[in-house]
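Participant: can't give you the sequence, but here's the structure:
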């Protein structure tokens, strides 16, 4: 037997969510962010004929429902979406700054909306265009430890840096598939050293940059094997530098060590959430239907794994758009803590 | 380019697709009529929509759970497809081999059936019936999953014969007996589906077809005069050989692609409008070993097809999709697709949710005072919007003819641009006299653009424009 | 015009999505209500009591007032055999009176055909909203579907008054019946002219109208105002129909706030409508029906309620004998039907009452049989 230092392992913890257009639950959620304490913010895209389902849901890791804000643009007439302050049409991502304020990007309005931790609207910024500081279909956003906001400016094929109130600080990238080039990038995260990771969606790879945009490394190619991607969407880096990527087309979460080497994958272990149980208890025949359903184990699997976040307690949160659910995993380091043999 | 070629190509593209812009008509006409027919009936190998990009913006299209998500998706698909005949064939079979969301309540399952039509709709007809008999939405919609060897449910067995393959009768005679219905239903016992999970709390997954041999009635059956221990496949093979089936498929193809026929319930006792055309299609059905693609080739290349311009009232889907393709809106993902899809519903065709298993009544029955207002207003709003790329292209193209344009040319030019339409002399005169109020137009001006937009609005409001 | 002002008029307001009966007419006197509704419950001290068992949801205050005046019939426990919990299917059943097979013809479509068999008036039935509900659909029965009364008509998208007038002149010219253009073109021409005439007549309604009643700005209120305008214009319209925004009563989640908002809007709209007709002394020949496709689950789901059966319908008008009809379904577990309120009142009996006793029509061919009628028409 060779001595081999194994990477971390991952234990499924629990599921959060159920499909709802309002209240406890999500509807086609697309992004999530861990907030202060136990809070989780989830941006729901819903769909056009149910704008009421477009919102940010606030809940806890323990699945207590806190509230919701940024309601979907009210449909005034057929298809007439209002773009009033605080409303959302095509939300793409959510991030929380050091003060606990919540930032939501909208790729149709080309806008960042800002809310207090309690959901009160306090501001917005964003102008459509391709000049410095202008944006065209913003996707992921992430803050570094100094509250510098990094944004994936997807149709401009670049990353832009802003102050949190929208002042332009810098940019890098252009369309293409070479180093430092992008093809419809989506997710983004910043590690504890301040380096930036981008899910280069249609190039099926992850790219890593220094805070000023210098290319540092890349990993991944198109495919469904270990370490390969079919349209990576969300990315998160934990405090140890472990990298998590939602591999959207392959319906899995892939985990990489800080140097980009593949560690493992998860495909889903979902169980009945607290809100889900309430739903089923109110509709007892649904319990019966589930008992006779063939193939119900498929429900455990990720469906539309679209975003991921991590927290400092080693918990990983995988968001599924189609199942309206978060699956929570915890990371276990390969450390012997004593006790029995 | 001869105007005739364009007019013929416009006709082909309206029927074998959802219409085309003038530029596309020119390009296709340059390639030739028969070559275009071959392109249309052979979509395989040509690039499809980029679903990853669509699902990125329309997040709900991954699971497509509800009717409305699917209607938006299909609308977008019909507008943007590079395979117009493949979508048209899906629409064709959807109106005949019907399932409806009001019973199925699972939009994705019906969308999967449409995918099946996209894959097999131009192939062998018996194979299509076989796929249909195994399609979970259909097995559920017509209760075959409730049919057991000791308790037959005849619903699917009956509709397979009456509505999906032979029809009740032809030339005044019945095509099958009540006993045939029972035997048919017996042959399909055991053709069932998995039990589904509820839609809530975490959405559903699709059902699967199962053949349960323990629940299959394996006894001797006498079906359409042939005896044996028939299973469903055998019954389909027998059905495929019937002259009634050739007639039924031919009449449906004719009604959908060529000219409005009487409604299906009348077929037992009414002869086809064009018996020779139906005979040609029937012959091809047998000659080609029941191949729908071969029948379509004969149909589109026939004189009876080429001479049948404007012999059909457009369906709501044809109205809406044709308009969107003409004005070139929604060529990339953006909000607003769902309301466009809803227009089709307002005009009386709630796609994927037909009123009954008999589908929609077609032809003039699409039109009543409410739906006529819906179609005229929708179409006029679109073509009158001079900011839309397709309308701008029309304005540019007409404007390039010279520095000025006469009222007559404005009318005729606009008619060409919307697909070589023809009006009655009376109506054309009325439009010209309306245009004359503006006098000779100077092209390249804002007024010119406005005049073109308005003339397009009046053209789409005519009776003639309701025809394809 | 075939009808006169005093002909009975039926107004239908469809509460689409499945209104929660338990939180509309609340069985606050039943401890089982509290047990089953830990979250989605109207507090006892909020209920506007009818008796010591049931009472109105507080947001139905304006309707409670009409009830106290004796003009509201509450039809309890309404439904049909083998309840279906699909919105589409259940609404179809209510629309077509066909619980067993799929029907295509609407009960009001048939009623309109009986009222106006020769199609003398294209406005005998008018729907407010886009697309025609199946209840009004019947082959050959013209029913106008009005998305916006102020702008209803042909070629409404043409900007500029003069240009639109000119365009309509051309349209009328083109559609004027010509001979020998072919059967289908002739049919189109006739249909186009019908649409144009209907729109012309309807457009007079808002012009003629004046009232001190101020309706809310929500969709239901605006459509109820439109219904008042058309009724007051005396166009011979006998059936007027509208639908609360599509599926809005489908309160799976966040029900307490949503349901309160919906009923605040609906009850004010209905009350304003009633006041409006009173002000014009035109209310005595109008009866309003409020119905929904099903009730909701007895047990809440922690935030809302899911699809159930056994609902509530309301019939409102001067001609209505107010009070309770049918029985409030029991909440006892062994009396429930698959966890839902057990209907005791077939909706076709409600329809038959309205058709026979109010509209003066033979209900049997319309509802497809004989159903026990109620006696809420004075």
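Facilitator: Thanks, I have the structure now. What you see is a predicted model; the values in this text were computed from it and never measured.
Participant: rest of the way, CA atoms for contacts and neighbours
Facilitator: OK.
Participant: please name the residues that touch the closest residue to chain A within the stretch 1-150 of chain B.
Facilitator: Nearest to chain A, among the residues of the stretch 1-150 of chain B, is residue B:63, at 5.8 Å (CA to the nearest CA). Residues in contact with residue B:63 (CA atoms under 8 Å, 6 or more residues apart in numbering or on different chains) are A:322, B:108.
Participant: go on, residue B:383?
Facilitator: Residue B:383 neighbours (CA under 8 Å, 6+ apart): B:323, B:327, B:391, B:453, B:456, B:457.
Participant: for burial, what's the neighbour tally of the fifth one?
Facilitator: By that I understand residue B:456. The tally of other residues near residue B:456 (other CA atoms under 10 Å in any protein chain shown) stands at 27.
Participant: gap between it and chain A?
Facilitator: To chain A, residue B:456 is 24 Å away according to CA to the nearest CA, to the nearest Å.
Participant: ditto for the first one
Facilitator: For residue B:323, the distance to chain A (CA to the nearest CA) stands at 18 Å.
Participant: which residues touch that residue?
Facilitator: By CA under 8 Å, 6+ apart, the contact list for residue B:323 reads B:379, B:382, B:383.
Participant: and for the second one?
Facilitator: Listed by CA under 8 Å, 6+ apart, the contact set of residue B:327 reads B:382, B:383, B:388, B:389, B:390, B:391.
Participant: in PyMOL, select just the buried ones from the residues you listed.
Facilitator: For the buried members of the contacts of residue B:327, the matching PyMOL selection, counting by 16 or more other CA atoms under 10 Å in any protein chain shown, is:
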select buried, chain B and resi 382+383+388+390+391
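Participant: going by distance to chain A, which of the contacts of residue B:327 wins?
Facilitator: When the contacts of residue B:327 are compared for distance to chain A (CA to the nearest CA), residue B:382 wins out at 14.4 Å.
Participant: quick check: which element contains that closest one?
Facilitator: Using DSSP states H and E, residue B:382 sits within helix B:369-383.
Participant: average model confidence for that helix?
Facilitator: Averaged across helix B:369-383, pLDDT comes to 94.
Participant: name the next helix or strand downstream of it, please.
Facilitator: Next along from helix B:369-383, by DSSP H and E: helix B:389-399.
Participant: neighbouring contacts of that following helix?
Facilitator: Looking at what lies outside helix B:389-399 - CA under 8 Å, 6+ apart - the contacts are B:21, B:325-329, B:383-386, B:405, B:413-414, B:417, B:443-444, B:448-449, B:452-453.
Participant: swap in stretch A:149-156?
Facilitator: Under the contact criterion CA under 8 Å, 6+ apart, stretch A:149-156 has outside partners A:130, A:135-144, A:158-164, A:174-175, A:183-188, A:198.
Participant: list only buried entries from those residues.
Facilitator: A:135-144, A:158-162, A:164, A:174-175, A:183-188, A:198.
Participant: now stretch B:319-331: how far from the chain's centre is it?
Facilitator: 16 Å (CA atoms, centre = their mean, to the nearest Å).
Participant: which parts of it are buried?
Facilitator: Applying 16+ other CA under 10 Å to stretch B:319-331 flags B:319, B:320, B:321, B:322, B:323, B:324, B:325, B:326, B:327, B:328, B:329, B:330 as buried.
Participant: surely the third one and residue B:18 touch.
Facilitator: Yes - counting by CA atoms under 8 Å, residue B:321 sits close enough to residue B:18 to count as a contact (6.2 Å).
Participant: overlap in contacts, these two.
Facilitator: B:78, B:79.
Participant: what pLDDT does the residue of the stretch 1-150 of chain B closest to chain A get?
Facilitator: 95.
Participant: one step back: now, the most widely separated pair of the buried residues of stretch B:319-331?
Facilitator: Greatest spacing in the buried residues of stretch B:319-331, by CA to CA: B:319 and B:330 (15.5 Å).
Participant: quick one: residues contacting residue 310.
Facilitator: Went with chain A since none was named. Contact analysis of residue A:310 by CA under 8 Å, 6+ apart lists A:34, A:236, A:237, A:238, A:316, A:317.
Participant: please go with chain C instead
Facilitator: Contacts of residue C:310 (CA under 8 Å, 6+ apart): C:21, C:77, C:78, C:79, C:294, C:295, C:296, C:329, C:340, C:341, C:342, C:343.
Participant: shouldn't the third one be within a helix?
Facilitator: Translated: residue C:78. No - per DSSP: H, G, I helix; E, B strand; the rest coil, residue C:78 lies outside any helix segment and is strand.
Participant: distance of it from residue C:67?
Facilitator: 19 Å (CA to CA, to the nearest Å).
Participant: looking at the two, which has the bigger crowd around it?
Facilitator: Using other CA under 10 Å, the more surrounded residue of residue C:78 and residue C:67 is residue C:78, with 31 against 20.
Participant: quick check: the more buried one touching residue C:347?
Facilitator: Yes - Residue C:78 lies in contact with residue C:347 (CA under 8 Å); the separation is 5.8 Å.
Participant: overlap of the contact sets of these two?
Facilitator: Counting by CA under 8 Å, 6+ apart, residue C:78 and residue C:347 have no contacts in common.
Participant: nearest spatial neighbour of the one residue in the stretch 51-200 of chain C that gets nearest to chain A, skipping sequence neighbours?
Facilitator: Closest residue of the stretch 51-200 of chain C to chain A, CA to the nearest CA: residue C:130 (9.6 Å). Nearest in space to residue C:130, with sequence neighbours left out and distances taken as CA to CA, 6 or more residues apart in numbering or on different chains, is residue C:147 at 5.0 Å.
Participant: I'd like the average pLDDT over stretch B:231-240.
Facilitator: Rounded mean pLDDT across stretch B:231-240 is 98.
Participant: again with stretch C:299-310
Facilitator: Rounded mean pLDDT across stretch C:299-310 is 91.
Participant: could you tell me the end-to-end distance of it?
Facilitator: 14 Å.
Participant: quickly check: stretch C:69-89 near chain B or not.
Facilitator: Yes - using CA under 8 Å from any CA of the partner chain, stretch C:69-89 reaches chain B at C:86, C:87, C:88, C:89.
Participant: could you give me the buried positions within the host helix or strand of residue B:234?
Facilitator: If you go by DSSP H and E, residue B:234 is part of helix B:232-240. Neighbour-count burial for helix B:232-240 flags B:232, B:233, B:235, B:236, B:238, B:239, B:240 (criterion: 16+ other CA under 10 Å).
Participant: any idea which helix or strand comes after that helix?
Facilitator: The C-terminal neighbour of helix B:232-240 among helices and strands, as given by DSSP H and E, is helix B:243-257.
Participant: name the residues that touch that following helix?
Facilitator: The contact list for helix B:243-257 (CA under 8 Å, 6+ apart) reads B:15-16, B:92, B:165-167, B:169-170, B:175, B:239-240, B:260-261, B:272, B:278, B:281-282, B:285-286.
Participant: stretch C:212-226 too?
Facilitator: In contact with stretch C:212-226 (CA under 8 Å, 6+ apart) are residues C:128, C:149, C:206, C:242-245, C:265-266, C:268-270, C:272-273, C:275-276.
Participant: how long is that stretch from one end to the other?
Facilitator: Using CA to CA, the two ends of stretch C:212-226 sit 15 Å apart.
Participant: where does chain B have its least confident helix or strand?
Facilitator: helix B:101-104 (a mean of 88; mean pLDDT, DSSP states H and E).
Participant: please tell me how far it is from the chain's geometric centre.
Facilitator: 20 Å.
Participant: tell me which parts of the stretch 251-378 of chain C are close to chain A?
Facilitator: So far as CA under 8 Å from any CA goes, the stretch 251-378 of chain C lies against chain A at C:252-254, C:297-303, C:305-306, C:338-339.
Participant: rewinding a little: could I get the contacts of residue A:310 as TSV with neighbour count, pLDDT and distance to chain B?
Facilitator: Converted to TSV, the contacts of residue A:310 look like this (neighbours: other CA atoms under 10 Å in any protein chain shown; pLDDT from 0 to 100; distance: CA to the nearest CA, whole Å):
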residue	neighbour count	pLDDT	distance to chain B
A:34	23	97	22
A:236	27	98	19
A:237	26	98	23
A:238	21	97	26
A:316	25	98	20
A:317	28	98	17
